[in-house]
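**Q** Structure of the sequence below:
(chains A and B)
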Amino acid sequence: MDLLLVDDSKTMRLLVHRAIRQAGYRSLTVCEAENGADALEKLKSVKPRLILSDWNMPEMSGIDFLRQLREQNNLTPFGFITSEASKKFKDLAMSHGASFIIVKPFNVDDVQAALDPILGGN
Amino acid sequence: MAEPSSSVMTRLFTDLIGHNISFSEQSPPVELKSEQLYCVYQIKPMDSARVIRADMSLLSSFAGALIGLSPEAIKQRVAEPQLDESLRDALHEVMNIASRVVSLEHRAVFKGIYADPGSLPADARNTLRDPCYTSYFNVKIDGYEGGALAVLAPY
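**A** Sure thing, here's the model as predicted:
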């Protein structure tokens, strides 16, 4: 499994899937979770190469998810896809070990630029 | 209030929906269709409420176009007694992302969409009843039904 996609919105998961395919990652295997708690549960059985997560989600936010992940010494590369575009949020994400932030609305180039360094191009 | 400009709104919605969308500012106010939706945003750190009031047909076009529905499919789904789940989810995503342009100087947090203005939270109801400032837009979407949208602010 290549990628764990965490977002409470089915629409956003669909759009991210579409953008990933359009970026050339057609054979990428993707597992989905609806929030941080759901993702932590799924990570007991899958080992993705990259985690892409929304920030604002019910039950467990993206930043709490990342914090717990790192506390468990899970160092899987982690990126946010979020409408939170301020420097304050970016600094917080990076200080907790995020590799990148893709700001909504995003395009294929944004997704490709974020994924290529981690997944090694398509 | 630093009001959202038509160019900022046009750019964000075009990038998000993936269709050509144009916002043009209107003064005096554009005529609203009968069915309206009310999107509520909390402005930080003041905790005041801003409201986007828009034609339901316009917001349905945004949502439907985002997930690749045809204009006819959108009309069919909107006509049903209960709004289709995929359309509702897409609509929430669109209006959540719109929080980036609801306030240009402060952080706006999307709180929800309401069909009945009477059910809005008290601060949003006050903004709707007695806005200090309102920006009116006429919106066109390539191939889809456009409409009117207004951003109302309490100061």
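
**Q** quick one, what contacts the residue nearest the centre of chain A?
**A** Geometric centre of chain A, nearest residue: A:L52, 0.8 Å, by Cα atoms, centre = their mean. Residues in contact with A:L52, defined by Cβ atoms under 8 Å, 6 or more residues apart in numbering or on different chains, are A:3-6, A:16, A:79-81, A:102. Placement of C-beta: from N, CA and C, glycine included.

**Q** Now do the same contact list for residue 23.
**A** Picking chain A for this. By Cβ under 8 Å, 6+ apart, the residues touching A:A23 are A:108, A:111-112, A:115, A:122.

**Q** that's the other chain; I wanted chain B
**A** By Cβ under 8 Å, 6+ apart, the residues touching B:F23 are B:6-7, B:9-10, B:13, B:137-139, B:149.

**Q** Drop anything exposed from those.
**A** Buried by 16 or more other Cβ atoms under 10 Å in any protein chain shown: B:6, B:9-10, B:13, B:137-139, B:149, out of the contacts of B:F23.

**Q** need the residues you listed in CSV with secondary structure, distance to chain A and pLDDT, can you?
**A** Converted to CSV, the buried ones among the contacts of B:F23 look like this (DSSP: H, G, I helix; E, B strand; the rest coil; distance: Cβ to the nearest Cβ, whole Å; pLDDT from 0 to 100):
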residue, secondary structure, distance to chain A, pLDDT
B:S6, helix, 17, 93
B:M9, helix, 12, 94
B:T10, helix, 12, 95
B:F13, helix, 8, 93
B:F137, strand, 18, 94
B:N138, strand, 22, 94
B:V139, strand, 16, 96
B:L149, strand, 17, 94
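
**Q** Most widely separated two among the residues you listed?
**A** Across the buried ones among the contacts of B:F23, no pair lies farther apart than B:F13 and B:N138, at 13.2 Å, counting by Cβ to Cβ.

**Q** Quick check: the gap between B:S119 and B:A63.
**A** As judged by Cβ to Cβ, to the nearest Å, B:S119 and B:A63 stand 20 Å apart.

**Q** Between these two, point out the one with more neighbours.
**A** B:A63 (27 against 11; other Cβ atoms under 10 Å in any protein chain shown).

**Q** Okay, the closest residue to B:P4 other than its chain neighbours and chain A: tell me how far apart.
**A** Nearest non-adjacent residue to B:P4, counting by Cβ to Cβ, 6 or more residues apart in numbering or on different chains: B:V101, 4.7 Å away. In this view, B:V101 and chain A are 10 Å apart by Cβ to the nearest Cβ, to the nearest Å.

**Q** Hmm, B:M9 and B:V101 touching each other?
**A** Yes - using Cβ atoms under 8 Å, B:V101 makes contact with B:M9 at a distance of 5.8 Å.

**Q** And the strands in chain A, which stretches?
**A** For chain A, applying DSSP state E gives strands covering A:3-6, A:30-33, A:50-53, A:78-82, A:100-103.

**Q** Dump those strands to CSV, plus mean pLDDT.
**A** As requested, those are exported to CSV (pLDDT from 0 to 100):
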stretch, mean pLDDT
strand A:3-6, 96
strand A:30-33, 95
strand A:50-53, 97
strand A:78-82, 95
strand A:100-103, 94
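
**Q** which SSE is the residue nearest to B:P4 in?
**A** B:V101 belongs to helix B:99-102 when assigned by DSSP states H and E.

**Q** after that helix, next one along is what?
**A** Per DSSP H and E, the first helix or strand lying C-terminal to helix B:99-102 is strand B:107-114.

**Q** And that following strand, what's buried?
**A** Quick answer for strand B:107-114 (16+ other Cβ under 10 Å): B:107-111, B:113-114.

**Q** Kindly identify which of those also come near chain A.
**A** Among the buried residues of strand B:107-114, the ones lying near chain A by Cβ under 8 Å from any Cβ of the partner chain are B:R107.
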